[in-house]
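**Q** Turn this into a model:
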Amino acid sequence: MEEKSIKISFITVNFNGIQHTANLLETIFKQAFEFPFEVIVIDNGSTQNEYDALKTMFPKIKGGYQTQNLGFAGGNNVGINLAKGKYFYFLNNDTLLPANAEKHLKAMMAFCADRPEVGGLSPKLIYKEPEGLIQFAGSTPLSRLSIRNKQIGYKIYDQGQFDQIREIPYFHGAAMFVPKAVVDEVGGLPSHYFLYYEELDWSCSITKYYKLFYFPEASIVHLESVSTGIDSPFKTFYLTRNRLIFAYRQRKGIVRWLALIYLTFVVSIKSLSGYIIKAQNEHIKSYLKGLFSAYIWILNFKR
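**A** Sure thing, here's the model as predicted:
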């Protein structure tokens with residue numbers, strides 16, 4: 001297969017999740033795609049080199065093992081540097097392609113090809129269990145101060161009520177379909193977040209020039225928080241840290257400082273009170289470390 005003929009580069013990042021990654025790869029390779037494609041797997045500093053084992057199971061994959069964890073953005077950026085496809089499909093390793101994925105992918109490629117204003121697509125995300133429960137069918141804009149938003153269709157059973165294509169402000173990081181030409185122009189994901197908020201920041205960069213769309217004709221099954229744990233202290237640290245960094249980077253003028261004040265005091269008091277009541281000491285420590293880390297980053301940020 002000549003590299004220039006590749007239509008889609010599937011890119012996924014693995015971190016101590018070989019079984020989940022293998023499950024994703026199986027759903028890709030069992031498809032009888034009529035178009036040329038490649039699959040890039042970046043092992044992002046797993047305790048042991050899991051790329052070699054995945055390569056044995058799926059000889060057609062490309063990628064490699066990174067000796068250190070570069071974060072979600074950094075790992076995907078390594079994949080970007082290797083990718084040759086006309087379109088990049090970034091998939092969390094805890095996602096699964098549906099059986100009829102070729103039809104979906106052809107529709108996504110056609111939609112992008114017909115509309116030069118398209119900067120990328122996010123498919124409908126469905127939880128694996130319970131079957132048919134929606135995780136993502138688009139989203140609302142982030143609040144100017146709290147830096148929070150709502151996911152449309154969240155935890156609602158799919159009955160076709162969210163099957164309209166619509167413009168959205170942000171990708172969902174679990175599945176992002178992006179033309180290579182857009183990545184070449186805008187650049188890769190911002191790596192300073194390490195985990196969480198990088199796809200929102202990247203979306204802001206892309207929407208300066210293009211539009212993002214929720215594309216329900218395509219769907220992905222998602223097992224959420226397989227690698228980080230649901231509401232883990234690790235997750236608390238990065239959500240706290242990165243919300244502040246995002247506010248600093250993406251809010252301007254007086255709104256930036258109001259957002260930082262609101263997040264540092266109002267949101268922190270509410271969040272820490274909840275952890276104290278529940279005696280979640282590790283979350284308290286992670287939250288405070290996240291605040292400290294964010295302001296260290298902000299003080300050292302050079303525009």
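**Q** Check which helices and strands the helix of greatest length in the chain sits against.
**A** If you go by DSSP state H, the chain has its longest helix at helix 281-300. For helix 281-300, the elements it packs on are helix 233-250, helix 268-277, judged by 3 or more C-beta pairs under 8 Å, 6 or more residues apart in numbering; DSSP states H and E. In this view, the C-beta of every residue, glycine as well, is placed from N, C-alpha and C.
**Q** ranking these by burial, who's on top?
**A** helix 233-250 (a mean of 21; mean count of other C-beta atoms under 10 Å).
**Q** Show me what stretch 20-28 is in contact with.
**A** For stretch 20-28, contacts defined as C-beta atoms under 8 Å, 6 or more residues apart in numbering pick out 10, 12, 14, 39, 41, 50, 54, 57-58, 61, 91, 93-98, 101, 223, 226-227.
**Q** Distance to Leu145 and mean pLDDT for the helices and strands packed on helix 281-300 - can I get that in CSV?
**A** CSV is the format used below for the helices and strands packed on helix 281-300 (distance: least, C-beta to C-beta, whole Å; pLDDT from 0 to 100):
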stretch, distance to Leu145, mean pLDDT
helix 233-250, 8, 96
helix 268-277, 13, 97
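**Q** From Tyr214, how far out is the closest residue to Glu199 other than its chain neighbours?
**A** Nearest non-adjacent residue to Glu199, counting by C-beta to C-beta, 6 or more residues apart in numbering: Gly173, 3.7 Å away. In this view, Gly173 and Tyr214 are 14 Å apart by C-beta to C-beta, to the nearest Å.
**Q** any idea how this structure splits into domains?
**A** 3-222, 233-300 (automatic domain parsing).
**Q** Can you say which of the helices and strands packed on helix 281-300 is nearest to Asn76?
**A** With C-beta to C-beta as the criterion, Asn76 lies closest to helix 233-250 of the helices and strands packed on helix 281-300, at 15.8 Å.
**Q** can you dump the C-alpha coordinates of the closest one into CSV?
**A** What follows is helix 233-250, C-alpha atoms only, in CSV (Å, rounded to 0.1, in the frame of the first residue of the first chain):
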residue,chain,number,x,y,z
PRO,A,233,-7.4,11.4,43.0
PHE,A,234,-5.3,11.3,39.8
LYS,A,235,-8.3,12.6,37.8
THR,A,236,-9.1,15.2,40.5
PHE,A,237,-5.6,16.6,40.2
TYR,A,238,-5.6,17.1,36.5
LEU,A,239,-9.2,18.4,36.2
THR,A,240,-8.4,21.0,38.9
ARG,A,241,-5.1,22.0,37.4
ASN,A,242,-6.2,22.1,33.8
ARG,A,243,-9.4,23.9,34.3
LEU,A,244,-7.4,26.9,35.6
ILE,A,245,-4.8,26.6,32.8
PHE,A,246,-7.6,26.5,30.2
ALA,A,247,-9.2,29.6,31.8
TYR,A,248,-5.9,31.5,31.7
ARG,A,249,-5.2,30.5,28.1
GLN,A,250,-8.6,30.8,26.5
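**Q** Centre of the chain to it, how far?
**A** Using C-alpha atoms, centre = their mean, to the nearest Å, the mean C-alpha position of helix 233-250 is found 15 Å from that of the whole chain.
**Q** center of this protein - which residue?
**A** Gly173 (1.7 Å; C-alpha atoms, centre = their mean).
**Q** Secondary structure element for Val221, which one?
**A** Secondary structure from DSSP states H and E places Val221 in strand 211-222.
**Q** other SSEs contacting that strand?
**A** Using 3+ C-beta pairs under 8 Å, 6+ apart: strand 211-222 touches strand 95-96, helix 101-114, strand 118-127, strand 166-168, strand 175-179.
**Q** Any buried residues in it, and which?
**A** Buried residues in strand 211-222, counted by 16 or more other C-beta atoms under 10 Å: Leu212, Phe213, Tyr214, Phe215, Pro216, Ala218, Ser219, Ile220, Val221, His222.
**Q** got it, and stretch 33-41?
**A** By 16+ other C-beta under 10 Å, the buried positions in stretch 33-41 come out as Pro36, Phe37, Glu38, Val39, Ile40, Val41.
**Q** Taking the contacts of stretch 20-28, please make a PyMOL selection of just the buried ones.
**A** Selection of buried members from the contacts of stretch 20-28 for PyMOL, criterion 16+ other C-beta under 10 Å:
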select buried, resi 10+12+14+39+41+50+54+58+61+91+93+94+95+96+97+101+223+227
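**Q** Perfect, that will be all.
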